[in-house]
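**Student:** I'd like to go over a predicted model; first the sequence, then the structure.
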Amino acid sequence: MHLIKPAWVMHTDDKKKRQGIFSLHVHGDGSRLATGGMDSKVRIWSTAPILNGDSPMPKSLCTLTMHIGPVLCVRWSNSGRLLASGSDDGLVMVWDLDPSGAGKVFGEEEVNVEGWKALRRLAGHESDVSDLAWSPQDRFLASVSVDSSVIVWDGYSFDRVAKLNGHNGFVKGVCWDPVGQYLATQSDDKSVRIWRTTDWACERVVTQPFELSPSATFFRRLSWSPDGAHITAANAMNGPVFVAAVISRKEWTSDISLVGHENTVEVASYNPHLFVRDESKPVASHNICSILALGADDRSVSIWQTNQARPLLVAQELFDRAVLDLSWCLDGLTLYACSSDGTVAVMKFSPSELRGIAPHDVQVNYLKGYKFNSPMNLTYQPTVQSIPPPPQHSPPVQRIQPLPVGQPQLNVGGTQEVTRTTDGKRRIRPVLLSQGSSTAIHPQQPYPQQPMQNGILHQQPIATPQPVYAQPLLHDAAEPSNPFTSTPFTASQPPRYGSSMPLSASSGQMVDDDIQMIESWETAEPSSAGGTSPRKGRTLGGDRVREPIIVKELQTMPMQIVNLVGAGGAPPVGGSAGPVLKAPAPKTYMSTPIEGGKEGDMLEGRNAEDGKPTDVQLYQNKSVQWLDYLPCPVNALAATTFFYAAAGEDGGITVYSNTGRRLMPTLMLDSKVAFLEGSKQHLLAITELGTLAVWNVKAAHAVIPSVSIRHLLTSQLQSAQLRPNGVPILNFSSGTSMSYDTGLSSWHKLSDAWFSRGSDSWDAARATRASRAPSAGPRGPVSAVEAANDDAKHMELLIEDRPEWWSAAMTLGHLETRLHAAKALDSPSEYKLALVTYARRLADEGFRGKAEELIKELCGPLYWRPGRDDGWTSSVLGMQKRDLLREVLSIFARSKTLVKLGSDYQELLKKAATEEY
């Protein structure tokens, strides 16, 4: 075994300090490694330089920066075409290869060798997304969160299929049954739940090995064995001993524990292959086993073979901190591991060390033995699609569009029997592979260029020789055997690492069924007359063919600032001194996905180099819907389901409708646009001169007229966001977030990392803490903002230097700031949570003056009735203030210091409700 620790695989902060890596996953073809870390980024690396230091391939392939919180999980789809990531910001992002995304990362010094675009933004969780898992055939994507929920997304449309509620604690692990019959999740409520995929109901709750398990772990990542017979769950306890529990199928009981780690087990990961126990015997169901890797908080990784009581390998002190994630390469010989210390380790085994990889047919036939016919076509995962390799030497500003995923071909002797069912679907009976085997791994072959379709170059890989195995001998009516065995040990000599007892065998029967193949995800739409669809109406540019474009930056002239002179030679009031932000450079091709749109739909901008006009077009439903020509190059685009916007180098913004009609006159700003964001019907723009404006496109009026942010730029502006209600959010490197209040005509702080130094309620970096308080609530926009600020610069204060009342003052100030931020960002749930937490803190401290002032603010005049205009409103964010007051008073009435105040006002509120006042 060769151990490799590439120092250049890292996530860093602004000071280039190494940050923790929470997750990693290797692509099915072994060419790419995806990692997610504390820096809120997803990074894609080439594995060739990792495994071979002399490889000429580029090391870093792409950096994805759309998350605003630490990335806790990354998972490639089984097909290899998509990448999913889950973050502390509560979002799941689905990424696809971008034909035009290569180039310099905006706001960074890095250069993306290849581009990956955000295909879908899945918002459904109210807090951190801790783990993800693709189902077999990628039919579904499951995500789990510390909001105690499990969400199943459709793997084609990415609509929400089901939300599974049942856990009472943070859900920190998820895995799919390779048979397709079940989904397993593990939570801090010290249970593993098994869910049926037929109706998404809970099949069983397993609690026995987990009652004493600690909650202070980052994850509880469990794994399902490739034969479907067992689940290995992390963070279990056998008395006082830290173990991994193996749960058997059908009975859902844990009769075996993997013992040896000196601290909690964070992650379990099965090798994707089945292995032959005795290679001298026929490959039968009783002669196979599995290989499993465990990673723990004791900084070690252990590897187990299920027919042995002791581990095959224990790599102790592999990292400086806990092991958080493991990933096997599909070759079955390479294991990747990552740690919270910010490093990655690779274990490369030789075929002689992990002997006896069973033929693929063994696993397929073994899974058939469970006789599960899913109505959702959940079967064994398809062949992995290879992604075309990046160029070995790629200039940063000139790159042909990357090529889409190709389907690898297999050299299989013989022919397959193909029949058609009554409903027109194709059924294929697999053909057994011929005798004679070769396990040599062949080098990757070049990809011949195929004809273009819709202006995009498509490539198909050359078929490479594949390993051919002897057909395994599987007896009729054979049952899936028990792959776990153990050697008995005496009580006086317990093993350091070992299994505590054997598993019972699972039941099942081998059946040779046909395999239903899905030819396409798309279905034809019949016309109303039963024949061909009627001809579409003509559109502007609808017959245009998308031509390939060399993507590179255009050379532009720097902005010229005219020195204005006021009366007496003095500069005019409000005059600007020059650019304070840098606008993105225009490229020959630019695109942006449509917020809430379908896969592949995008707004595109094409800037010509030879003086020809720039064109903007909407590409939707695999065709150009409309186009328009503009007098200058575009450097920024924004697209929602309500409008489409293009910003030009002349400072103008053109806004279009769904049909390409101009909704407003061209908006001329004071300089080039540095940030352009859209959300629902609102559009935000920030210029190089530091001017911000927000418009309601649907109503055609300015929500925030042009206002300067120059005085806020004492630190770097890291990101600009726009809420659906039109409220802007500016995140700065100093750890502060700002927004604009039109009522106050002033900028105000939404959040400040300063509070993280003393507030007990600071909650922005829960992924880096051992656990959270039980009262912690759902993740909303305020918490997401705090998560973005938590890793920024803030004042360091030693504990011994903190003044008197430090914690109380900081906590109350933080909660009061949260209340105002929740109102500004239109987040009722966070407002209520902050209010209740604030009331509890006042009760704990006994601050009667603050408490009484809060009561009066919520109660208002006791004689108030609807329709009375005395400056007091009865509701806040759609909630009745007096309903909120009742909850606050119940907290005060149960406290030791404010019990009389709470009781008195409870009586007054009752009298006011019965009109005694």
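**Tutor:** Structure's in. What do you need?
**Student:** Tell me which stretches of the stretch 651-800 of the chain form strands.
**Tutor:** For the stretch 651-800 of the chain, applying DSSP state E, counting those that start in this stretch gives strands covering 652-656, 667-668, 673-679, 682-687, 691-696, 701-708, 717-722, 728-732, 736-741, 746-752.
**Student:** Name the strands paired with the shortest one and say parallel or antiparallel.
**Tutor:** If I follow you right, that is strand 667-668. If you go by DSSP bridges, strand 667-668 pairs up with strand 652-656 (antiparallel).
**Student:** Alpha carbons of the partner strand, as PDB, please.
**Tutor:** Output in PDB follows, covering the C-alpha atoms of strand 652-656 (Å, rounded to 0.1, in the frame of the first residue of the first chain):
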ATOM      1  CA  GLY A 652     -26.200  50.700 -19.400                       C
ATOM      2  CA  ILE A 653     -28.600  47.900 -18.300                       C
ATOM      3  CA  THR A 654     -31.200  46.500 -20.700                       C
ATOM      4  CA  VAL A 655     -34.100  44.600 -19.200                       C
ATOM      5  CA  TYR A 656     -36.100  42.100 -21.200                       C
END
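**Student:** Next, the angle strand 691-696 makes with that strand.
**Tutor:** 10 degrees (axes from the mean of the first three to the mean of the last three C-alpha atoms, to 10 degrees).
**Student:** what is the mean pLDDT for strand 652-656?
**Tutor:** Strand 652-656 shows a mean pLDDT of 96.
**Student:** Distance from it to the middle of the chain?
**Tutor:** 32 Å (C-alpha atoms, centre = their mean, to the nearest Å).
**Student:** Read off the pLDDT value for Phe158.
**Tutor:** For Phe158, pLDDT reads 93.
**Student:** Please read the previous query as pertaining to Gly101.
**Tutor:** On the pLDDT scale, Gly101 gets 68.
**Student:** what residue ranges in this structure score low on pLDDT?
**Tutor:** Residue ranges of the chain with pLDDT under 70: 101, 103-109, 374-539, 541-548, 556-577, 763-779, 790-801, 862-870, 915-917.
**Student:** Which parts of it belong to which domain?
**Tutor:** Domain assignment for the chain by the TED database gives 1-89+91-124, 580-708.
**Student:** Could you say which of these is packed most deeply?
**Tutor:** Comparing the domains of the chain by mean neighbour count (mean count of other C-beta atoms under 10 Å), domain 1-89+91-124 comes out on top with a mean of 20. Using the backbone N, CA and C atoms, a C-beta is placed for each residue, glycine as well.
**Student:** starting at the chain centroid, how far to that domain?
**Tutor:** With C-alpha atoms, centre = their mean, you get 11 Å for domain 1-89+91-124.
**Student:** what about that domain, how long is it end to end?
**Tutor:** When the termini of domain 1-89+91-124 are compared using C-alpha to C-alpha, to the nearest Å, they are 43 Å apart.
**Student:** Kindly reformat the strands of the stretch 651-800 of the chain as CSV containing distance to Leu91.
**Tutor:** What follows is the strands of the stretch 651-800 of the chain, written out as CSV (distance: least, C-beta to C-beta, whole Å):
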stretch, distance to Leu91
strand 652-656, 27
strand 667-668, 30
strand 673-679, 14
strand 682-687, 19
strand 691-696, 22
strand 701-708, 25
strand 717-722, 12
strand 728-732, 15
strand 736-741, 17
strand 746-752, 18
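**Student:** Throw the domains of the chain into a markdown table and include distance to Ala843, thanks.
**Tutor:** Below are these laid out as a markdown table (distance: least, C-beta to C-beta, whole Å):
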| stretch | distance to Ala843 |
| --- | --- |
| domain 1-89+91-124 | 30 |
| domain 580-708 | 38 |
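**Student:** picking up where we left off before, how about the strands of the stretch 651-800 of the chain, which one is nearest Thr264?
**Tutor:** strand 746-752 (32.4 Å; C-beta to C-beta).
**Student:** Show me what the closest one is in contact with.
**Tutor:** Strand 746-752 is contacted from outside by 707, 709, 712, 729, 735-741, 782, 785-786, 789, 794, 817-818, 820-821, 824-825, using C-beta atoms under 8 Å, 6 or more residues apart in numbering.
**Student:** Buried among the residues you listed? Need that as a selection in PyMOL.
**Tutor:** Remark: buried members of the contacts of strand 746-752, expressed as a PyMOL selection using 16 or more other C-beta atoms under 10 Å:
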select buried, resi 707+709+712+729+735+736+737+738+739+740+782+785+786+789+794+817+818+820+821+824+825
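**Student:** List the buried residues of the host helix or strand of Ala245.
**Tutor:** Here Ala245 sits within strand 241-248, counting by DSSP states H and E. Using 16+ other C-beta under 10 Å as the test for burial, strand 241-248 gives Phe242, Val243, Ala244, Ala245, Val246, Ile247, Ser248.
**Student:** can those go into CSV with extra columns for distance to His261?
**Tutor:** Supplementary listing: those in CSV, determined by distance: C-beta to C-beta, whole Å:
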residue, distance to His261
Phe242, 5
Val243, 8
Ala244, 8
Ala245, 12
Val246, 14
Ile247, 18
Ser248, 21
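**Student:** of all the strands of the stretch 651-800 of the chain, which lies closest to Thr873?
**Tutor:** It is, among the strands of the stretch 651-800 of the chain and with distance given as C-beta to C-beta, strand 736-741, at 16.6 Å.
**Student:** helices and strands around the closest one, which ones?
**Tutor:** With contacts taken as 3 or more C-beta pairs under 8 Å, 6 or more residues apart in numbering; DSSP states H and E, strand 736-741 sits against strand 728-732, strand 746-752, helix 781-789, helix 806-824.
**Student:** what angle do it and helix 806-824 make?
**Tutor:** Going by the same axes, to 10 degrees, strand 736-741 makes 40 degrees with helix 806-824.
**Student:** what's the offset of strand 736-741 from the middle of its chain?
**Tutor:** Relative to its parent chain, strand 736-741 has a centroid offset of 26 Å by C-alpha atoms, centre = their mean.
**Student:** could I have the helix or strand hosting Asp615 exported to CSV, CA atoms only?
**Tutor:** Taking DSSP H and E as the definition, Asp615 sits inside strand 614-620. What follows is strand 614-620 as a C-alpha-only set of coordinates in CSV (Å, rounded to 0.1, in the frame of the first residue of the first chain):
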residue,chain,number,x,y,z
THR,A,614,-22.8,42.3,-29.4
ASP,A,615,-25.8,40.0,-29.2
VAL,A,616,-27.9,38.7,-26.3
GLN,A,617,-30.1,35.7,-26.6
LEU,A,618,-32.3,33.5,-24.5
TYR,A,619,-31.6,29.8,-25.0
GLN,A,620,-34.5,27.8,-23.7
